[in-house]
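J.: Give me the fold of what follows.
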Amino acid sequence: MNDTPNSTLVRTGLLDGKVALVTGASRGIGAAAARLFAREGARVLLAARTEHRLAAVAEEIRAAGGTADHVRCDLADAVSVRAAVGRAVELYGRLDVAFNNGATGQTPGPLDAMTEDDFDRICTVNLKGPWLAMKAEVAAIRATAGRGAIVNTSSVGSLMGNPWLPAYGAAKRALNSLTASAAVTYGPEGIRVNAVAPGTTLTEMLGEWEADSPGVVDRLNAQTPLGRAAEPEEIAEAAAWLLSDRASYVTGEVLRVDGGMRA
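T.: Predicted structure coming up:
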């Protein structure tokens with residue numbers, strides 16, 4: 001850049017002009033992402049099951065000058081997922097990017113201690129849900145924006161044996177594979193698909209794990225070179241970059257955002 005007194009530095013948001021759908025947007029990483037995406041210039045539709053929390057986050061974004069609305073969505077329900085994606089197009093006329101962040105956790109413990117119902121629930125929300133979402137999102141991007149990007153929330157726990165969260169880790173590892181397959185399938189159309197794999201992150205899900213297994217956060221931090229857990233906003237920053245045009249040559253990636261835990 002010509003750094004003369006007459007030169008003008010033009011700063012644009014990472015997601016200026018884009019319409020973004022965020023699932024799991026009522027709390028944690030999803031709520032942080034919705035706020036960040038709006039600050040970065042996107043018009044955002046927040047989706048999750050808990051409507052009063054969604055409404056509160058959307059109102060917070062609007063009060064700060066952003067553009068946001070919300071829709072109730074159950075990731076285990078195909079009709080609900082399609083309706084949420086359709087609502088984004090109905091409200092804003094298009095869909096450019098999507099952050100499939102909605103998830104559910106499991107009670108920590110070995111796989112033989114799990115019930116079949118719990119296993120099915122975890123796989124339905126954490127694997128089938130993003131599959132349903134990607135199907136609808138690809139169709140909406142294809143029909144409106146033409147090109148776009150999708151980011152799925154995986155977990156660093158999918159990258160190793162996971163004796164205390166076996167079903168959760170397995171569902172997220174399968175999601176990594178689904179992400180790669182989608183990237184290869186839709187790359188020729190200009191639709192990029194990536195995932196973020198958070199490490200220890202200060203969400204309500206982590207708080208529930210700490211309540212069940214006191215001291216687990218300290219143990220995880222001891223395995224992390226940066227020596228601490230992430231704030232949800234730090235994961236959201238990685239997702240925003242992957243969804244932005246600044247990551248235009250990145251697809252099929254599972255980006256670890258883990259403080260070096262798996263380095």
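J.: Now do the helix or strand containing residue 79: which elements does it pack against?
T.: Using DSSP states H and E, residue 79 sits within helix 78-92. Contacts defined by 3 or more C-beta pairs under 8 Å, 6 or more residues apart in numbering; DSSP states H and E place helix 78-92 against strand 19-23, strand 43-48, strand 67-72, helix 129-143. To be clear about C-beta, it is placed using only N, CA and C from the backbone, and glycine gets the same treatment.
J.: winner for burial among those?
T.: Most buried of these by mean neighbour count (mean count of other C-beta atoms under 10 Å) is strand 19-23; its value is a mean of 31.
J.: for the stretch 51-200 of the chain, what spans make up the strands?
T.: Ranges of strands in the stretch 51-200 of the chain, per DSSP state E, counting those that start in this stretch, are 67-72, 97-100, 148-153, 191-198.
J.: And the following helix or strand past the last one, how far out from the chain middle?
T.: Using DSSP H and E, the helix or strand that directly follows strand 191-198 along the chain is helix 204-212. Its chain's C-alpha centre lies 19 Å from the corresponding centre of helix 204-212 when counted by C-alpha atoms, centre = their mean, to the nearest Å.
J.: Longest helix of the chain, counting residues only.
T.: helix 166-186 (DSSP state H).
J.: Any idea which helix or strand in this protein has the lowest mean pLDDT?
T.: Ranked by mean pLDDT, DSSP states H and E, the weakest helix or strand in the chain is helix 204-212, scoring a mean of 85.
J.: Sketch out the low-pLDDT regions of the chain for me.
T.: 1-11 (pLDDT under 70).
J.: and if we set it to 90?
T.: 1-12, 105-107, 164, 204-213 (pLDDT under 90).
J.: center of it - which residue?
T.: residue 101 (3.0 Å; C-alpha atoms, centre = their mean).
J.: just how off-centre is stretch 136-153 within its chain?
T.: For stretch 136-153 - counting by C-alpha atoms, centre = their mean - the centre lies 14 Å from the chain centre.
J.: Present the strands of the stretch 51-200 of the chain as CSV; the columns should include distance to residue 21.
T.: Formatted as CSV, these follow (distance: least, C-beta to C-beta, whole Å):
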stretch, distance to residue 21
strand 67-72, 9
strand 97-100, 4
strand 148-153, 9
strand 191-198, 14
